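# All I have is the shape, not the residue letters:
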C-alpha cells in the first residue's frame with residue numbers, strides 16, 4: 001500500500017470481527033515495526049506486552065470504565081506499552097535537558113505499530129483509559145503502563161470514516177529564508 005493511502009485508511013477501530021483472531025505473523029510484523037522506530041539515543045525505553053487468547057478476556061475489563069471503551073470486549077488482541085529504563089546515554093541526556101523522552105519515544109513506537117497494523121489489514125485503537133495497577137499486576141509489569149492498543153480485524157462492513165483534522169495551515173508554519 002502506498003504510504004499516503006495508508007495514512008488516509010488508518011483510523012481508530014471500535015468494532016472488531018469476533019471471528020478473526022490476529023495471526024501470529026501479523027502481530028510479530030507490528031511489534032517489529034515498533035522495535036525499529038527511532039528513539040532518543042536508540043534506547044527504546046518501552047516494553048511491549050502482546051495479549052492474546054484467554055489473557056485478552058482478562059485485559060478487556062481493565063481498559064473499560066466510566067463509559068469508556070465498551071467495544072473492548074470484542075478485541076482479539078491488546079498490546080500493552082509500558083515504560084522501561086533508558087540506556088545510560090539517554091538517561092544522561094534526560095538529566096541534562098530536564099526532559100523525559102520516554103513518552104515521545106513511546107508515541108513514535110505506537111505510531112509505527114498502528115501504521116504497520118493498517119499495512120497488514122488490521123484495525124487498531126490507542127486506549128488511554130485503563131486500570132494501571134491491575135494491568136501491571138496481571139501482566140507482571142515493572143514500568144508504568146502508558147498506552148494500551150486494541151488490535152484486530154475491523155468488523156465487516158465497518159465504513160471508512162472521513163478524517164476531520166485541522167488544516168495544514170492551522171497546524172504548521174512554512175518558514176523560508178529568502
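Perfect, thanks for sending it. These numbers were taken from a predicted model, which means no experiment stands behind them.
# mind listing what residue 146 touches?
46, 81, 82, 83, 102, 103, 106 (CB atoms under 8 Å, 6 or more residues apart in numbering). For glycine as for every other residue, the C-beta is placed from the backbone atoms N, C-alpha and C.
# quick one: which of the residues you listed is nearest residue 56?
Using CB to CB, residue 81 is the member of the contacts of residue 146 that lies nearest residue 56, at 15.9 Å.
# neighbours around that closest one, how many?
Look at residue 81: counted by other CB atoms under 10 Å, it has 22 neighbours.
# returning to that earlier point: quick one: which of the contacts of residue 146 is nearest to residue 137?
Distance to residue 137, by CB to CB, is smallest for residue 82 among the contacts of residue 146, at 12.4 Å.
# re earlier: can you select the buried ones from the contacts of residue 146 in ChimeraX?
Here is the ChimeraX selection string for the buried members of the contacts of residue 146, based on 16 or more other CB atoms under 10 Å:
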select :46,81,82,83,102,106
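# can I get the contacts of residue 146 in JSON lines with distance to residue 64, secondary structure and pLDDT?
JSON lines is the format used below for the contacts of residue 146 (distance: CB to CB, whole Å; DSSP: H, G, I helix; E, B strand; the rest coil; pLDDT from 0 to 100):
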{"residue": "46", "distance to residue 64": "23", "secondary structure": "strand", "pLDDT": "94"}
{"residue": "81", "distance to residue 64": "18", "secondary structure": "strand", "pLDDT": "98"}
{"residue": "82", "distance to residue 64": "19", "secondary structure": "strand", "pLDDT": "97"}
{"residue": "83", "distance to residue 64": "23", "secondary structure": "strand", "pLDDT": "93"}
{"residue": "102", "distance to residue 64": "26", "secondary structure": "helix", "pLDDT": "87"}
{"residue": "103", "distance to residue 64": "24", "secondary structure": "helix", "pLDDT": "90"}
{"residue": "106", "distance to residue 64": "22", "secondary structure": "helix", "pLDDT": "95"}
